[in-house]
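J.: based on what follows, work out the 3D shape:
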Amino acid sequence: MDLTGKLLIAMPAMGDPRFEKAVVLICAHSDEGAMGLIINKPTGELSLKDMLEQLSIEAGPKTREIGVHIGGPVETGRGFVLHSLDYVSFLNTLRVEGGFGLTATLDVLEELAEGKGPEQAILGLGYAGWGPGQLEAEIAQNGWLTCDASAELVFATADRDKWQAALRSLGVEALMLSPEAGHA
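T.: Next up, the predicted model:
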């Protein structure tokens, strides 16, 4: 089962506090493992302008305010831009199923600094990664639910509402979830 372009929704039994109520967009999934970005956990203190300053990229008058998210616990010093496909850096953008792009090079940040670049974007520091079979095992152990991703949920829903909105897209209310795993 290829989960590329799908959302992972952390279950209440998730034992890792870094993923409590996390919603993760899976950007790549194969027999070799999986990689995704948490899309609902803002850093709270960093903005695009802060990141541009740290990278010595001058923010222009048209620079939009885009918050920075905790993308995951792997390579937390590395930045990723999850974005709409109205921007594609030919050699540097990974096209993700469902109409998303992932770019991790400075060119997208330079475009955003000029007020250009993708219309919709989330910046993430770090990423979530799984080794071969690890994600499948976590799903089998009731760690995650999966659902389809939409631009509306990923980019337009408030971070604090994304977990419940993702659950609702499956017809599930958070109060219905049990922290106990069960297998028939």
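J.: list the contacts for Gly15?
T.: Each residue near Gly15 by C-beta atoms under 8 Å, 6 or more residues apart in numbering is listed here: Gly143. Quick note: C-beta positions are derived from backbone N, CA and C, even for glycine.
J.: hang on, it in a strand?
T.: No - according to DSSP: H, G, I helix; E, B strand; the rest coil, Gly15 belongs to no strand; its state is coil.
J.: okay, it and Arg95: tell me how far apart.
T.: For Gly15, the distance to Arg95 equals 33 Å [C-beta to C-beta, to the nearest Å].
J.: do you know the pLDDT at the residue nearest in space to the middle of the chain?
T.: Most central in the chain under C-alpha atoms, centre = their mean is Leu37, positioned 3.0 Å from the mean C-alpha point. Leu37 is assigned a predicted lDDT (pLDDT) of 98.
J.: that one: what's it in contact with?
T.: Taking C-beta under 8 Å, 6+ apart, we find Leu37 in contact with 24-25, 27, 69, 71-72, 80, 82, 102, 122, 124, 127-128.
J.: what do you get for Ser89?
T.: Residues in contact with Ser89, defined by C-beta under 8 Å, 6+ apart, are 103, 105, 107-108.
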